[in-house]
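In: A structural model of the following input is requested.
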Amino acid sequence: MIFVVLGMHKSGTTLVSRLLHESGVEMGTFLDPVGTYESGHTYERASVRRLNDKLLDSAGKYSIYIRPQSQLVSDSEMGVDVADIIDELESARGDSGFKDPRTCLTYTIWNRYLPEHRIVAVYRAPEYSWRRYRSRWNVFKWPFDAWYFLDSWCQHNTRILEALASTEREYRVFEYYSLLENDADFDALEAFAGVPLADERIKRSRPKRKPTSAVLIFVSGLRLVFGRICPRDVLERMDRLHEASVTAGMRSTRRDHVSEAENGRGVSDGT
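Out: Predicted coordinates:
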């Protein structure tokens, strides 16, 4: 089975990829198999990242400035590139997969070419990731950083919601801190992967006090004035799918579960 990990940068994709890889699901060939996230080891398949950069024209761009693009790669060229990656995935002795946060923005293209696969989506509330993106030295730049960050957060997670609402593939959705802290999430991922998972979780507890940011609150309100989707709405929908994924147990989570959790509502950002 092929596993595709979807999630924005700093949302927990490395955690999921590491749990799968250290449990026998080959997520790539890594020069430093014992490296840590802090040392730059992100359990990311290089060939997938190269193709995503080609699809998004994103090579060298800061992550929150990357946006979906009109088709930059022809169907024939895409078919050849994906065929090489599929050969790489199928050369593994057992299950395999890949993660790259950019896949959130390109999954609809990947889905046309990939054989049978399963999706593991992971997310984190924007207030927990925001400090990773704000300028360290210039507080006057924070409103602009917050605008691009929230726009990117909504883009990535909206695309995930759209993908899950339209695909027939099986999937699970996890919230980063819940997966770190709760055995129910870990057990749900283990059941979905179909292999015993090595518990490689590094305990990073959710802050006891929920972080607040006046800049994020202001920019969120500004987005509403300009008719942009509210991050709270997207987060609530991800939370519902997370709850459905954990409580599903051994049952498959497919499109009908999305419709039930979403109450039939569509997803559109308009950005």
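In: going forward, measure contacts between C-alpha atoms and count neighbours the same way
Out: Fine.
In: Look up how far residue 176 lies from residue 90.
Out: As judged by C-alpha to C-alpha, to the nearest Å, residue 90 and residue 176 stand 29 Å apart.
In: Compare the two (neighbour count), which wins?
Out: Neighbour tally, residue 90 and residue 176, criterion other C-alpha atoms under 10 Å: the higher count belongs to residue 176, 22 against 16.
In: close enough to count as contact, that one and residue 122?
Out: Yes. Shown here, residue 176 and residue 122 form a contact pair, counting by C-alpha atoms under 8 Å, at 6.3 Å.
In: who touches both of these two?
Out: The overlap between the contact sets of residue 176 and residue 122 (C-alpha atoms under 8 Å, 6 or more residues apart in numbering) consists of 11-12.
In: Show me what the helix or strand where residue 161 lies is packed up against.
Out: With the criterion set as DSSP states H and E, the secondary-structure element containing residue 161 is helix 142-166. Contact here means 3 or more C-alpha pairs under 8 Å, 6 or more residues apart in numbering; DSSP states H and E; on that basis helix 142-166 packs against helix 103-113, helix 214-225, helix 231-247, helix 255-262.
In: next structured bit after that helix?
Out: strand 171-175.
In: If you count contacts, what does that following strand end up packed against?
Out: strand 117-123, helix 183-193, helix 231-247.
In: Mind putting the ones you listed into TSV with distance to residue 94, mean pLDDT and mean neighbour count?
Out: Converted to TSV, those look like this (distance: least, C-alpha to C-alpha, whole Å; pLDDT from 0 to 100; neighbours: other C-alpha atoms under 10 Å):
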stretch	distance to residue 94	mean pLDDT	mean neighbour count
strand 117-123	13	95	22
helix 183-193	12	91	19
helix 231-247	25	92	18
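In: Redo these as a markdown table? Include distance to residue 69.
Out: Formatted as a markdown table, the entries for the helices and strands packed on strand 171-175 read as follows, by distance: least, C-alpha to C-alpha, whole Å:
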| stretch | distance to residue 69 |
| --- | --- |
| strand 117-123 | 22 |
| helix 183-193 | 32 |
| helix 231-247 | 22 |
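In: now the helices and strands packed on helix 142-166 as TSV including distance to residue 169?
Out: Formatted as TSV, the helices and strands packed on helix 142-166 follow (distance: least, C-alpha to C-alpha, whole Å):
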stretch	distance to residue 169
helix 103-113	9
helix 214-225	33
helix 231-247	14
helix 255-262	8
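In: Neighbours of residue 223, how many?
Out: Counted with other C-alpha under 10 Å, residues neighbouring residue 223 total 17.
In: Good, we can wrap up now.
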